[in-house]
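Trainee: take a look and give me a structure for this.
(one chain, ligands or ions: 1)
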Amino acid sequence: MRSASITTDSYRRVRRISRRSGSNFYRSFWLLPREKRNAMCALYAFARITDDIGDCDEPAALRTRWLDWWRQTTALNLISDTPVDHVPLSPGLADDTSDWPIDLFRHAKEIMPALRDTTRRFQIPTRYLLEIVDGVLADQQKTRFDTYEQLEHYCYLVASAVGLACLHIWEFDAPLPMRAAVDCGLAFQLTNILRDISEDAQRGRIYLPRQHFAQHGLCEDDLLEPRPDDRLVCLIEDEIRRAKTLYVSGWQVWDSLGPDGRPMFSMMWRTYRRLLDRIAENPRAVATRRVELSTATKLGLVSQHFLKPIFHRLPVPPIEVTEAGA
Ligand SMILES: CC(C)=CCC/C(C)=C/CC/C(C)=C/COP(=O)(O)OP(=O)(O)O
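Mentor: Sure thing, here's the model as predicted:
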């Protein structure tokens, strides 16, 4: 197959992976012009597959080997165009790649051409993509954080690095709004951690730092109690306040974006900020089950699509700032 049609086919695959993911973010991709939307699908498919390797039902040692191979494949593909079949297999990985999880080998062959095209077209530093893999790799080795700084570093890798890559696709006015982009990633990831807090705890993963549990006289096992006690609710409320402040700082990304990126950024920000509001409405509930946005809320957010011509001029709703500052 000629290289142009390999790339076209690869974009078809990443669009399908993104569409089928059911992600809260996918709807916002439609606010971008086609070339940028395709690039977002390539980035999303890459992050989705990375996450799926880390979450698959195989022993941690094996997941780590697959992630190592995935990291090396990404680096070699993006930096030196090395075909996926030529990437050496690390010791302990089965030669029969059909036994690999989630069809990893096939996925790699399918998505790398689109990812390579996207990173070159939009000059996305390879470093950000490798950082995303590093975050998921770290998650295999360490499922607890002692301090908030350690949690921040993890969130930087799995979320802020995604945001920094997005900024290259959306286009921004230099200089890169690094602090705001990092805070936005932290805000999203903290929201995600709060939403999934009970599911993750059942799977032995606790992301909120021990330092914060200790401040409330709690230990991590308290997360597994069927009836969350008031101290746990206070801990969750503290994290909600922290996340709200990060959303305000993260919103400053908007100022640096051009007209293509603003609607999508705004919708992503509003979707996850709304999710945080849902969590805040009943912090006790989130300690025992995952909270979702209602279909009506999702439809409301989608309807902003029809405001596209004026959307990029909308400022952040003042209520968000007031709430976060409170
Ligand atoms: C500057 C900037 C834009 C920063 C933010 C970067 C960003 C988009 C981070 C995503 C982190 C996150 C919570 C992913 C979950 O995705 P998912 O598809 O699993 O989400 P879902 O479970 O809510 O559907």
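Trainee: nearest to the ligand: which residue in the stretch 1-150 of the chain?
Mentor: Ser23 (3.1 Å; C-beta to the nearest ligand atom). For every residue, glycine as well, the C-beta is placed using N, CA and C.
Trainee: enumerate the residues of the chain near the ligand.
Mentor: Taking C-beta under 6 Å from any ligand atom as the measure of proximity, the chain contacts the ligand at 21, 23-25, 159, 162-163, 166, 181, 184-185, 188-189, 192, 253, 265, 268.
Trainee: in helices, which of those fall?
Mentor: Using DSSP state H, the subset of the residues of the chain next to the ligand located in helices is Val162, Gly163, Cys166, Ala181, Cys184, Gly185, Phe188, Gln189, Asn192, Val253, Phe265, Met268.
Trainee: and those as CSV, adding neighbour count?
Mentor: Output for these, formatted as CSV (neighbours: other C-beta atoms under 10 Å):
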residue, neighbour count
Val162, 25
Gly163, 26
Cys166, 28
Ala181, 24
Cys184, 29
Gly185, 25
Phe188, 29
Gln189, 26
Asn192, 19
Val253, 28
Phe265, 25
Met268, 21
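Trainee: could you export the host helix or strand of Cys41 as PDB, CA atoms only?
Mentor: In this assignment (DSSP states H and E), Cys41 forms part of helix 34-55. Extracted in PDB, the C-alpha atoms of helix 34-55 (Å, rounded to 0.1, in the frame of the first residue of the first chain):
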ATOM      1  CA  ARG A  34     -11.700  18.300  10.000                       C
ATOM      2  CA  GLU A  35      -7.900  18.200  10.000                       C
ATOM      3  CA  LYS A  36      -7.600  19.100  13.600                       C
ATOM      4  CA  ARG A  37     -10.500  16.700  14.500                       C
ATOM      5  CA  ASN A  38      -8.600  13.900  12.900                       C
ATOM      6  CA  ALA A  39      -5.400  14.900  14.800                       C
ATOM      7  CA  MET A  40      -7.400  14.800  18.100                       C
ATOM      8  CA  CYS A  41      -8.600  11.300  17.200                       C
ATOM      9  CA  ALA A  42      -5.000  10.200  16.700                       C
ATOM     10  CA  LEU A  43      -4.000  11.600  20.000                       C
ATOM     11  CA  TYR A  44      -7.100  10.300  21.800                       C
ATOM     12  CA  ALA A  45      -6.600   6.800  20.300                       C
ATOM     13  CA  PHE A  46      -3.000   6.700  21.400                       C
ATOM     14  CA  ALA A  47      -4.000   7.800  25.000                       C
ATOM     15  CA  ARG A  48      -6.900   5.300  25.000                       C
ATOM     16  CA  ILE A  49      -4.800   2.400  24.000                       C
ATOM     17  CA  THR A  50      -2.100   3.300  26.500                       C
ATOM     18  CA  ASP A  51      -4.700   3.500  29.300                       C
ATOM     19  CA  ASP A  52      -6.300   0.200  28.200                       C
ATOM     20  CA  ILE A  53      -2.900  -1.700  28.400                       C
ATOM     21  CA  GLY A  54      -2.500  -0.300  32.000                       C
ATOM     22  CA  ASP A  55      -6.000  -1.400  32.900                       C
END
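Trainee: by contact count, what packs against that helix?
Mentor: The contact analysis (3 or more C-beta pairs under 8 Å, 6 or more residues apart in numbering; DSSP states H and E) places helix 34-55 against helix 3-20, helix 26-29, helix 60-80, helix 104-121, helix 126-141, helix 161-170.
Trainee: just those helices: most buried one?
Mentor: Mean neighbours per residue, mean count of other C-beta atoms under 10 Å, is largest over the helices and strands packed on helix 34-55 for helix 161-170, with a mean of 24.
Trainee: packing partners of it?
Mentor: Packed against helix 161-170 by the contact rule (3+ C-beta pairs under 8 Å, 6+ apart) you find helix 34-55, helix 126-141, helix 178-195, helix 253-256, helix 261-281.
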